[in-house]
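K.L.:
give me coordinates for this.
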Amino acid sequence: MLSIQDLHVAVEDKAILRGLNLEVRPGEVHAIMGRTAQAKVRFRPPWPGVKIMR
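P.N.:
Just a heads-up that it's a prediction; the model follows:
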């Protein structure tokens, strides 16, 4: 299981995640979604097994 608590991420001084809490259990699929041009592509999680899909 992957557990994230109170994650904050900024790109070029712009907050793209504020206080994210997440639990992912084996077999679950989760997505980060948002409006166009909101820095989703720049967010590259460093966790093993995480895939970026477009």
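
K.L.:
just for this structure, where's the confidence low?
P.N.:
32, 34, 36-54 (pLDDT under 70).

K.L.:
break down it into its strands, ranges please.
P.N.:
For the chain, the strands defined by DSSP state E cover 2-11, 14-24.

K.L.:
what is the longest one packed up against?
P.N.:
Counting contacts by 3 or more C-beta pairs under 8 Å, 6 or more residues apart in numbering; DSSP states H and E, strand 14-24 packs against strand 2-11. For glycine as for every other residue, the C-beta is placed from the backbone atoms N, C-alpha and C.

K.L.:
list the contacts of residue 9.
P.N.:
15, 16, 17, 20, 43 (C-beta atoms under 8 Å, 6 or more residues apart in numbering).

K.L.:
give me the beta-bridge partners of it?
P.N.:
Assessed by DSSP bridges, residue 9 has beta-bridge partners residue 17.

K.L.:
residue 30 reaches residue 4, doesn't it?
P.N.:
No: with contact defined as C-beta atoms under 8 Å, residue 30 does not count as touching residue 4 (10.4 Å).

K.L.:
of those two, which one has the most company?
P.N.:
residue 4 (13 against 10; other C-beta atoms under 10 Å).

K.L.:
what sits against the residue lying closest to that one once chain neighbours are set aside?
P.N.:
Nearest non-adjacent residue to residue 4, counting by C-beta to C-beta, 6 or more residues apart in numbering: residue 22, 4.4 Å away. Residues counted as contacts of residue 22 (C-beta under 8 Å, 6+ apart) are 2, 3, 4, 7, 30.
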